[in-house]
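Participant: Build me a model from this:
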Amino acid sequence: MGSFKNRLYDGVPAALIACAIVWIGLLTAGPGDTTALAVCREVVAGTDQGRQALVGSCWFSPLVTVVALPFVWLLGETPLAGWATAWLAWTFALVICGRIVERSWAGVALMALAACGITASGGGASPAAAVPAALAVFALRSAALWSREQRLRDLVKLGAGLSGLILCGMPVLGITLALALAVPLGAGVGADTRHRLPAVLILGWLPMLYALGVWVLMNRLIFGSSLFFLESLGSGRVLHWNGAQWLPNRPEEIAATAAAAYALAAGLLTRNRRAVALGILGLLFWVWLVVLRGGSAVWADAAGRTVLMVSGALALWHLRHGGPVWRTPWVTAGDVALFGVVAVIGVRGLTAPVAHPAGAIAKQVDADVHARSPHARVFVCGYAGLQLLTGSASERIEPNLDLYVQALRADYYGQNLYLLVPAPVGAAAAENVHIRHPDLYASGGGRMLVYNNYGPWRLFEIVGAPTERQLEAWRAVTRGSCKTPPGCLQERSQNTEDRSQNN
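Facilitator: Below you'll find the predicted structure:
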């Protein structure tokens with residue numbers, strides 16, 4: 001009964017505070033990246049594109065999609081599914097925070113402290129930020145306990161957290177590696193674990209390596225290339241060094257890095273191992289953010305920014321309450337008030353991104369290509385294309401995540417084919433179409449001619465020399481040995497219409 005009461009005391013405040021986090025996030029920064037919901041739609045439908053999108057890019061987390069999948073299955077691809085996913089992740093993170101301390105009031109205070117940091121980062125309603133941040137909280141707590149007490153269960157929990165974080169992909173790779181360093185560093189503190197370092201590394205790192213191996217295997221089975229999800233890293237369009245800005249300039253980032261540095265320095269003086277460990281990790285998280293932004297991937301920093309804020313709050317908390325002397329509630333109230341002020345200042349500077357009317361663009365493209373030819377088909381490229389097709393029921397438009405133009409011409413013989421390509425800006429620069437055809441959006445390709453523009457999207461018509469199948473059909477028609485194939489009639493009528501319009 002006592003255990004049920006403790007869980008109730010942890011769960012109810014955590015759920016209520018998580019609701020507030022999601023609500024404030026919606027009001028200040030919008031729903032964030034909802035690519036996972038579009039991927040879930042295709043996975044639920046059982047399409048090949050859904051399986052490809054699940055594991056096809058290191059920039060889009062397969063774990064976020066898996067967490068959101070039950071909500072999309074129950075609620076459909078609606079904003080409510082994204083909010084529910086974020087709420088579940090934040091509830092989990094706050095429950096973990098509540099279990100760090102034994103006093104119920106202190107647990108609620110720590111939840112409020114972490115919630116202020118999350119709110120200041122602006123990722124409250126985004127599943128892409130919430131799921132990695134929740135896993136980071138779980139791993140941070142385990143790393144702090146492992147560095148202090150070297151217990152086996154804390155090592156196992158840390159390994160489980162690392163296995164989840166590695167599936168969150170490139171946006172939190174530096175955070176994952178920093179937390180992985182906690183395994184040997186914590187082992188070096190204890191005399192027993194120091195002599196068993198190989199076994200400790202196996203227990204701590206094997207789950208992460210296994211999860212990464214599964215991701216590689218899925219790419220091999222689905223795409224035929226084990227490293228398909230890493231192809232975008234070799235493109236200079238995605239990652240190119242712009243220079244590092246080592247000093248934070250946002251109020252919330254200044255507060256988080258200052259809290260981590262203060263916890264590290266004061267923890268060394270007071271021999272508070274948990275504060276030292278979390279302080280070091282918080283500073284390493286900031287270094288990763290600097291590297292990510294310096295590498296021109298600012299669009300992928302939402303999860304890292306949220307993790308930085310939470311780590312700063314946890315480092316400050318363990319400095320106050322991780323030693324032999326328990327601080328008074330007034331000290332805790334002062335920390336919460338400080339982060340509350342930072343949250344207010346941070347959200348005032350947030351603006352929801354301008355969203356292009358995806359449904360309107362898809363309908364306009366469908367109408368234009370249908371007016372051109374009743375046998376037209378449009379392939380929308382990449383993860384951005386999955387989002388563009390939200391709410392679209394047209395059979396003429398379908399997503400494509402692994403572009404081979406010649407294969408499309410062979411598979412859709414006799415049809416007029418079009419390619420809808422997003423501008424190579426932000427996350428869209430990492431799409432497969434821009435990796436294989438770097439200059440397509442700017443100048444077209446050998447078999448792709450610009451047809452029209454729709455906001456940041458550009459429609460190309462796929463043309464080119466006749467395929468072998470078309471040549472055989474034309475020879476048969478010329479010899480008069482068979483009836484004219486439907487595909488030839490369509491192409492002939494289309495060419496006749498074009499010539500009449502030009503005349």
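
Participant: show me where pLDDT drops low in this protein?
Facilitator: 1-10, 102-105, 236, 322-329, 350-358, 392-393, 446, 464-471, 474, 480-503 (pLDDT under 70).

Participant: hang on, Arg51 packs against Val43?
Facilitator: Yes. Contact criterion Cβ atoms under 8 Å: Arg51 and Val43 qualify, at 7.2 Å. The C-beta positions use only the backbone N, C-alpha and C, and glycine is treated the same way.

Participant: Which parts of this structure are strands?
Facilitator: With strands called from DSSP state E, the chain shows them at 376-381, 397-400, 416-422, 448-454, 457-462.

Participant: Between the two ends of stretch 413-430, how far is it?
Facilitator: Using Cα to Cα, to the nearest Å, one end of stretch 413-430 lies 29 Å from the other.

Participant: contacting residues around the residue nearest to Ile118 when sequence neighbours are not counted?
Facilitator: Excluding its sequence neighbours, the residue lying closest to Ile118 (Cβ to Cβ, 6 or more residues apart in numbering) is Ile21, at 5.4 Å. By Cβ atoms under 8 Å, 6 or more residues apart in numbering, Ile21 lies in contact with 86, 90, 115, 118-119, 124.

Participant: tell me the contacts of Leu386?
Facilitator: 35, 38-39, 41-42, 49, 53, 380, 399.

Participant: Export those as TSV, with columns for neighbour count and distance to Val214.
Facilitator: Formatted as TSV, those follow (neighbours: other Cβ atoms under 10 Å; distance: Cβ to Cβ, whole Å):
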residue	neighbour count	distance to Val214
Thr35	23	21
Ala38	26	23
Val39	32	17
Arg41	24	23
Glu42	22	20
Gln49	23	20
Ala53	27	17
Val380	28	28
Pro399	24	24
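
Participant: And those, which is closest to Asp439?
Facilitator: Nearest to Asp439 among those, counting by Cβ to Cβ, is Val380 at 19.7 Å.

Participant: Identify the bridge partners of the closest one.
Facilitator: Taking DSSP bridges, one obtains Pro399, Leu420 as the residues bridged to Val380.

Participant: what number of residues lie near Glu191?
Facilitator: Glu isn't right for residue 191; it's Ala. 8 (other Cβ atoms under 10 Å).

Participant: mind checking how far it is from Arg148?
Facilitator: Between Ala191 and Arg148 the computed distance is 14 Å (Cβ to Cβ, to the nearest Å).

Participant: again with Ala134
Facilitator: Ala134 is 22 Å from Arg148, where distance means Cβ to Cβ.

Participant: where do the helices sit along the stretch 151-300 of the chain?
Facilitator: Per DSSP state H, counting those that start in this stretch, the stretch 151-300 of the chain carries helices over the ranges 152-166, 173-189, 191-194, 197-223, 251-270, 273-294.

Participant: tell me the most buried of those?
Facilitator: Counting by mean count of other Cβ atoms under 10 Å, helix 273-294 has the highest mean neighbour count of the helices of the stretch 151-300 of the chain, with a mean of 23.

Participant: With just CA atoms, put that one into PDB.
Facilitator: Taking Å, rounded to 0.1, in the frame of the first residue of the first chain, the C-alpha atoms of helix 273-294 are listed here in PDB:
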ATOM      1  CA  ARG A 273      30.400  13.100  -6.700                       C
ATOM      2  CA  ARG A 274      26.900  13.300  -8.200                       C
ATOM      3  CA  ALA A 275      27.100  17.000  -8.600                       C
ATOM      4  CA  VAL A 276      30.600  16.700 -10.200                       C
ATOM      5  CA  ALA A 277      29.300  14.000 -12.700                       C
ATOM      6  CA  LEU A 278      26.300  15.900 -13.700                       C
ATOM      7  CA  GLY A 279      28.300  19.200 -14.000                       C
ATOM      8  CA  ILE A 280      30.800  17.500 -16.300                       C
ATOM      9  CA  LEU A 281      28.000  16.000 -18.400                       C
ATOM     10  CA  GLY A 282      26.100  19.300 -18.600                       C
ATOM     11  CA  LEU A 283      29.200  21.100 -20.000                       C
ATOM     12  CA  LEU A 284      29.800  18.200 -22.500                       C
ATOM     13  CA  PHE A 285      26.200  18.600 -23.600                       C
ATOM     14  CA  TRP A 286      26.900  22.300 -24.300                       C
ATOM     15  CA  VAL A 287      30.000  21.400 -26.300                       C
ATOM     16  CA  TRP A 288      27.900  19.100 -28.400                       C
ATOM     17  CA  LEU A 289      25.400  21.800 -29.100                       C
ATOM     18  CA  VAL A 290      28.200  24.100 -30.200                       C
ATOM     19  CA  VAL A 291      29.600  21.400 -32.500                       C
ATOM     20  CA  LEU A 292      26.100  20.700 -33.900                       C
ATOM     21  CA  ARG A 293      25.400  24.400 -34.600                       C
ATOM     22  CA  GLY A 294      28.900  25.000 -36.000                       C
END
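
Participant: in stretch 74-92, what counts as buried?
Facilitator: 75, 77, 81-92 (16 or more other Cβ atoms under 10 Å).

Participant: Distance from the chain centre to that stretch, please.
Facilitator: Taking Cα atoms, centre = their mean, to the nearest Å, one finds the center of stretch 74-92 at 15 Å from the center of the full chain.

Participant: Brilliant, that's me finished.
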